[in-house]
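**Q** All I have is the shape, not the residue letters:
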């Protein structure tokens, strides 16, 4: 069973200076790991496989969805990862920008689901344009996909998210958890995507979720149309032993399932 979300990964060339910049803006560095082994199961997801990678896990000012900076080397800029977080008002270092023509539907969907004051911005630590809200602790992730209906069905039945509203070109889902910090909302949006984008692409590449039965959750995802799944593998992160599984949704988005070992 999927228990909740842990973080959204942001691909960077190196942890510095992004980590330091975010800390100056009020983000809290919870842990930093260098030279973590890159398991062979990840090889197929990376445009340039290296034996090790670095990560930094940062919590936003106040509360909300954490970001994990992931450095596999210089990000692949030939394509763009499909995730985008809704930035909290406390994120800092954001400058206003104009709404792009293809984003008109995004603005309308955000308005319908209660984020009508969200505004388009450039954030200094993001290689892609984002949206920012007046809220201190939003837990909304936007995901672009070529088939909203197909993706919505997968997130509902394959990963256990609840559909709150569905329209022709967007769908609003949520993952409810007993722990508030693990709750999250997802806004699926119709748009051009790269279904085989690599994990080391520029941008926000992977949404990580907690599982209490990794094999069962991977099987459930497989039975409901996952494009690709890894075999489970083990990794020690921040002095914690984790069992990890990776998958691609039908639209190609990468997800990571984490099961702490007892």
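**A** Cool, the structure landed. Quick caveat, the model's predicted, so the values are computed rather than measured.
**Q** Residue 223: how many residues sit nearby?
**A** Using other Cβ atoms under 10 Å, residue 223 has 10 other residues around it. Any C-beta I mention is one placed from the backbone N, CA and C, and that applies to glycine too.
**Q** can you pull the contacts of the residue nearest to it when sequence neighbours are not counted?
**A** Distance criterion Cβ to Cβ, 6 or more residues apart in numbering; nearest residue to residue 223, sequence neighbours excluded, is residue 158 at 7.5 Å. Taking Cβ atoms under 8 Å, 6 or more residues apart in numbering, we find residue 158 in contact with 220-221, 223-226, 249.
**Q** one more time with 10 Å
**A** 2, 151, 217-218, 220-226, 247, 249-250, 255 (Cβ atoms under 10 Å, 6 or more residues apart in numbering).
**Q** Of these, which belong to strands?
**A** The strands, defined by DSSP state E, take in 2, 247, 255 from those.
**Q** Looking at those, which one is closest to residue 185?
**A** residue 2 (14.3 Å; Cβ to Cβ).
**Q** if I look at that closest one, how far off is residue 205?
**A** 19 Å (Cβ to Cβ, to the nearest Å).
**Q** ok, these two, which is more surrounded?
**A** residue 205 (27 against 21).
**Q** and the closest residue to residue 147 other than its chain neighbours, what does it touch?
**A** Nearest non-adjacent residue to residue 147, counting by Cβ to Cβ, 6+ apart: residue 251, 6.2 Å away. Residue 251 makes contacts with 82, 143-148, 150-151, 154-155, 188, 193, 195, 225, 227, as judged by Cβ under 10 Å, 6+ apart.
**Q** Redo the ones in strands among the contacts of residue 158 as a markdown table? Include distance to residue 9.
**A** Output for the ones in strands among the contacts of residue 158, formatted as a markdown table (distance: Cβ to Cβ, whole Å):
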| residue | distance to residue 9 |
| --- | --- |
| 2 | 17 |
| 247 | 14 |
| 255 | 10 |
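**Q** thinking again about what came up before, kindly indicate the member of the contacts of residue 158 with the most neighbours.
**A** That'd be residue 151 among these, by other Cβ under 10 Å, with 28 neighbours.
**Q** mind listing what that residue touches?
**A** 82, 143-145, 158, 171, 173, 186, 188-190, 193, 225, 249-253.
**Q** in what helix or strand does the closest residue to residue 30 other than its chain neighbours lie?
**A** Closest residue to residue 30 apart from its sequence neighbours, by Cβ to Cβ, 6+ apart: residue 57 at 4.8 Å. Following DSSP states H and E, one finds residue 57 within strand 52-59.
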